[in-house]
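A.B. asks: Sequence and predicted structure below; questions after.
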Amino acid sequence: MFQKMYDALGQRVRRTVETVWSDSLRDLSGNVITEFNNACGTPPCWVAGYMYLGGQLVAEYTNSTTYFAHSDHLGSARLVTDLNKNIVENLDYLPFGEINSTDSASPPSNLPAWSATPKPPSTTPGSANTLPSSPAGPPPTPPVSPPSTPPTPNPGTATLTLPTTS
């Protein structure tokens, strides 16, 4: 069983795989700052802490080690290094942020935290690849103004003019 729970803002707050759950706490900007789970036997157990600079994830502290994210020009983490400058993960992404490949022996269980663009839950039942939308919703539709001159009728068509009432 794999299950995710989201808050009213569409941000993931719990992930459950089989009997192990993982809760995320976020800062006021919506960035995950820490994670807890029940894998230690006496929940909650602290799992990881995340550090940000200018809204970008720069480091993760987990398993008594600090890992650093090295982002590309779009803000997605491409390399993850440890304190000794060793490459721990080399990430590649498909369009829209799905992880394509990773050059690591075994990806950590919290790998999605390195993704720069979290995906909200799909609003279409059965849809696995719904494009993410902004938290504020879709962009406003510009008002449509009537044309300044009436359209010219095509040859061979009739024009019907109805009287207006005041």
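C.D. replies: In hand now; what should we look at?
A.B. asks: Who are the contact partners of residue 71?
C.D. replies: Residue 71 is in contact with 56-57, 77-78, 116, counting by C-beta atoms under 8 Å, 6 or more residues apart in numbering. In short, each C-beta sits where N, CA and C put it, glycine included.
A.B. asks: got a winner among those for most neighbours?
C.D. replies: Using other C-beta atoms under 10 Å as the neighbour criterion, residue 77 leads those with 23 neighbours.
A.B. asks: Wait, that residue touches residue 60, no?
C.D. replies: No: counting by C-beta atoms under 8 Å, residue 77 sits too far from residue 60 to count as a contact (9.8 Å).
A.B. asks: can you pull the buried residues of the top strand by length along the chain?
C.D. replies: Using DSSP state E, we find that the single longest strand of the chain is strand 45-53. Buried residues in strand 45-53, counted by 16 or more other C-beta atoms under 10 Å: 47-48, 50.
A.B. asks: before we move on, back to that, out of the contacts of residue 71, the closest to residue 95 would be?
C.D. replies: Minimum distance to residue 95 across these is 13.4 Å, recorded for residue 116 (C-beta to C-beta).
A.B. asks: per-residue pLDDT, that closest one?
C.D. replies: Looking at residue 116, its pLDDT is 42.
A.B. asks: And the pLDDT at residue 152?
C.D. replies: Reading off the model, residue 152 has pLDDT 58.
A.B. asks: Same question for residue 79.
C.D. replies: Checking the pLDDT column for residue 79, the value is 90.
A.B. asks: now do residue 138
C.D. replies: 58.
A.B. asks: cool, residue 122 as well?
C.D. replies: What the model reports as pLDDT for residue 122 is 39.
A.B. asks: and the worst-scoring helix or strand of the chain on mean pLDDT, what does it pack onto?
C.D. replies: Lowest on mean pLDDT, DSSP states H and E among the helices and strands of the chain sits strand 99-102, with a mean of 75. Packed against strand 99-102 by the contact rule (3 or more C-beta pairs under 8 Å, 6 or more residues apart in numbering; DSSP states H and E) you find strand 87-93.
A.B. asks: for the record, mean pLDDT for the strand it packs on?
C.D. replies: 88.
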